[in-house]
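Trainee: Model the structure of this input:
(chains A and B)
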There are 2 protein chains.
Amino acid sequence: MNETATPTASEPRPPSHARIRARKRAVSESAEAWAVLDRAALSHVGFIDAGRPMVIPMIHARIGETIYLHGARATRIVKQLGGGVPVCLTATLLDGLVLARSAFHHSMNYRCVMAHGAARQVADPAEKHQALVALTDHLLPGRWDEVRPMSAKEERATGVIALDVDHITMKRRDGPPVDDAEDYALPIWAGVIDVARRAMAVHPDPALATSVPRPASLDAFINARNAPTRPDGEND
Amino acid sequence: MNETATPTASEPRPPSHARIRARKRAVSESAEAWAVLDRAALSHVGFIDAGRPMVIPMIHARIGETIYLHGARATRIVKQLGGGVPVCLTATLLDGLVLARSAFHHSMNYRCVMAHGAARQVADPAEKHQALVALTDHLLPGRWDEVRPMSAKEERATGVIALDVDHITMKRRDGPPVDDAEDYALPIWAGVIDVARRAMAVHPDPALATSVPRPASLDAFINARNAPTRPDGEND
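Mentor: Now for the predicted structure:
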């Protein structure tokens, strides 16, 4: 992750070495970008607060090309984001550590999605409800149908922010390290360590009655996360 | 991760339920915040670009209370951050999914550090060199001493940004879900799924001579990441 700018067609042409990197890493298919966003457990949400940048981790979910966020209505961030401010929402899946022969060429394999748009407070109760279902199911697919749904009072107490995305980009790096030609002869180990987020342990609530069975959503999540192989590269 | 604002002493008092959450989650010890930053593989770096927020994932490292970032000198972000702009750097360790009996009380266990400060381009060659050592060793502890060090030309081609931190805060959530009193009797499973980032596989560079041994840094990383138990809670 040595270079991080995202050139667009309207910008002046970057120097040739940056162009090569941009071609490799700027993926135009937005379908893949949306899939990465769906896969990421959380996003980092950036906005401007009194002239200063703020970056806050939030759970997201998306329906079509709208991304939803939520928080208690009383909190500052929900009030701020509800005011139609510009937002940059970034979600990153870290896939591996890239160990080169030279310090200079060390990097990370990753997939990163950046969505720009204007935030708005969701006022329509039907849209708000759908967003809350999507947010719960983003945390754990299928969970909404297993739990006590939100009461009208709880839905009123929750602020839902919609980000109507007008620009989404994806960058990625994958594959082995790329060293300078003369360094390949050095007796220095080079390669990639794949990393992935895994489910490690399940802790039933100490207050849970032992008669309550484990839900299907939980085992599905663990099976999907902890598959022994990852033929499709679907890790994060 | 239902509420995300970080009240400070200088702000108006938030409503009482927000105060309770703030007491629980705003950890004042900056030592713990720095330790979380050291543990996080990457940060999300926020700044203002032509009046719009930008959030970009970057590798970070810190020396004392200065955080370093780097990128090719020619890239837009390095030029922008080098201009003394305000930065919000946020690093989040996701520790678990919090499954409550009600949709409303679902959450995540996490530790999140947010550092605010002004970015500056590092001009001093000695400071720059130390930062590049720290960045390489942040990716994989001990790696700098195993590899071909940066040439003077490579160091010149790399832009190093320092963030002199004037404000660092940490928030966390841990422990079981907290449901409404009347929901504990519901026959709905509740608990926490711990998640953690693990080393999954090692791929030697296809161009690597088989006579080159695996470095100590690699096995130390895997042993530290993949310890079967995590008595100290040190996962991410």
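Trainee: hey, where'd the strands end up in chain A?
Mentor: A:26-27, A:43-49, A:52-58, A:61-63, A:66-72, A:86-99, A:107-121, A:158-173, A:191-204 (DSSP state E).
Trainee: Direction included, what does the fifth one pair against?
Mentor: Right, strand A:66-72. Using DSSP bridges, strand A:66-72 pairs in its sheet with strand A:61-63 (antiparallel), strand A:158-173 (antiparallel).
Trainee: Quick check: buried residues in the longest one?
Mentor: Looking back up the chat, that one is strand A:158-173. Within strand A:158-173, the residues that count as buried by 16 or more other C-beta atoms under 10 Å in any protein chain shown are A:158-163, A:165, A:168-173. Any C-beta I mention is one placed from the backbone N, CA and C, and that applies to glycine too.
Trainee: Kindly indicate which of those residues lies nearest chain B.
Mentor: A:Thr158 (7.3 Å; C-beta to the nearest C-beta).
Trainee: I'd guessed the closest one sits against A:Ala72; true?
Mentor: Yes: in terms of C-beta atoms under 8 Å, A:Thr158 counts as a neighbour of A:Ala72; the distance is 6.8 Å.
Trainee: Can you pull up the most central residue in chain A?
Mentor: A:Ala91 (2.8 Å; C-alpha atoms, centre = their mean).
Trainee: Beta-bridge partners for it, please?
Mentor: Beta bridges link A:Ala91 to A:Val113, judged by DSSP bridges.
Trainee: Would you check that it makes contact with A:His60?
Mentor: Yes: judged on C-beta under 8 Å, A:Ala91 makes contact with A:His60 at a distance of 7.2 Å.
Trainee: Common neighbours of those two, please.
Mentor: A:Leu37, A:Ala40, A:Leu42, A:Ser43 (C-beta atoms under 8 Å, 6 or more residues apart in numbering or on different chains).
Trainee: biggest separation within these, which pair?
Mentor: Greatest spatial distance among the shared contacts of A:Ala91 and A:His60 (C-beta to C-beta): A:Leu37 and A:Leu42, at 10.7 Å.
Trainee: anything in contact with each of those two?
Mentor: A:His60, A:Ala91.
Trainee: Neighbour count: these two, which is higher?
Mentor: A:Leu37 (25 against 19; other C-beta atoms under 10 Å in any protein chain shown).
Trainee: Need the pLDDT of the more buried one.
Mentor: pLDDT, A:Leu37: 96.
Trainee: From A:Glu65, how far out is it?
Mentor: A:Leu37 sits 10 Å away from A:Glu65 when distances are taken as C-beta to C-beta, to the nearest Å.
Trainee: Give me the common contacts of these two.
Mentor: Residues touching both A:Leu37 and A:Glu65 (C-beta under 8 Å, 6+ apart) are A:Ile168.
Trainee: Model confidence score at A:Arg120, please.
Mentor: Looking at A:Arg120, its pLDDT is 95.
Trainee: wait, isn't it in contact with A:Pro86?
Mentor: No: with contact defined as C-beta under 8 Å, A:Arg120 does not count as touching A:Pro86 (11.4 Å).
Trainee: before we move on, the earlier item: weakest of the strands of chain A in terms of mean pLDDT?
Mentor: strand A:26-27 (a mean of 46).
Trainee: Help me confirm that A:Tyr184 comes into contact with B:Ala207.
Mentor: Yes: with contact defined as C-beta under 8 Å, A:Tyr184 and B:Ala207 form a contacting pair (5.7 Å).
Trainee: May I see the buried residues of stretch A:70-83?
Mentor: Residues of stretch A:70-83 classed as buried by neighbour count (16+ other C-beta under 10 Å): A:His70, A:Gly71, A:Ala72, A:Ala74, A:Thr75, A:Arg76, A:Ile77, A:Val78, A:Gln80, A:Leu81, A:Gly82.
Trainee: And these, which is closest to A:Phe221?
Mentor: Nearest to A:Phe221, judged by C-beta to C-beta, of the buried residues of stretch A:70-83 is A:His70 at 20.6 Å.
Trainee: Pretty sure A:Ile161 is one of the things the closest one touches, is it not?
Mentor: Yes: if you go by C-beta under 8 Å, A:His70 and A:Ile161 touch, sitting 6.9 Å apart.
Trainee: what residues are shared contacts of these two?
Mentor: Contact criterion C-beta under 8 Å, 6+ apart; residues shared by A:His70 and A:Ile161: A:Val78.
Trainee: Counting by contacts, list what whichever helix in chain A runs longest packs against.
Mentor: Longest among the helix segments of chain A by residue count, using DSSP state H, is helix A:125-139. Packed against helix A:125-139 by the contact rule (3 or more C-beta pairs under 8 Å, 6 or more residues apart in numbering or on different chains; DSSP states H and E) you find strand A:61-63, strand A:66-72, helix A:152-157, strand A:158-173.
Trainee: closest to A:Leu139 out of the ones you listed?
Mentor: Closest approach to A:Leu139 among these is made by strand A:61-63 (8.5 Å; C-beta to C-beta).
Trainee: what's next to the closest one, contact-wise?
Mentor: Strand A:61-63 is contacted by residues A:Trp34, A:Leu37, A:Asp38, A:Ile67, A:Tyr68, A:Gln130, A:Ala131, A:Ala134, A:Leu135, A:Asp137, A:His138 when judged by C-beta under 8 Å, 6+ apart.
Trainee: Produce a PyMOL select command limited to the buried residues of the residues you listed.
Mentor: Filtering the contacts of strand A:61-63 down to the buried ones (16+ other C-beta under 10 Å) takes a single PyMOL command:
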select buried, chain A and resi 34+37+67+68+130+131+134+135+137+138
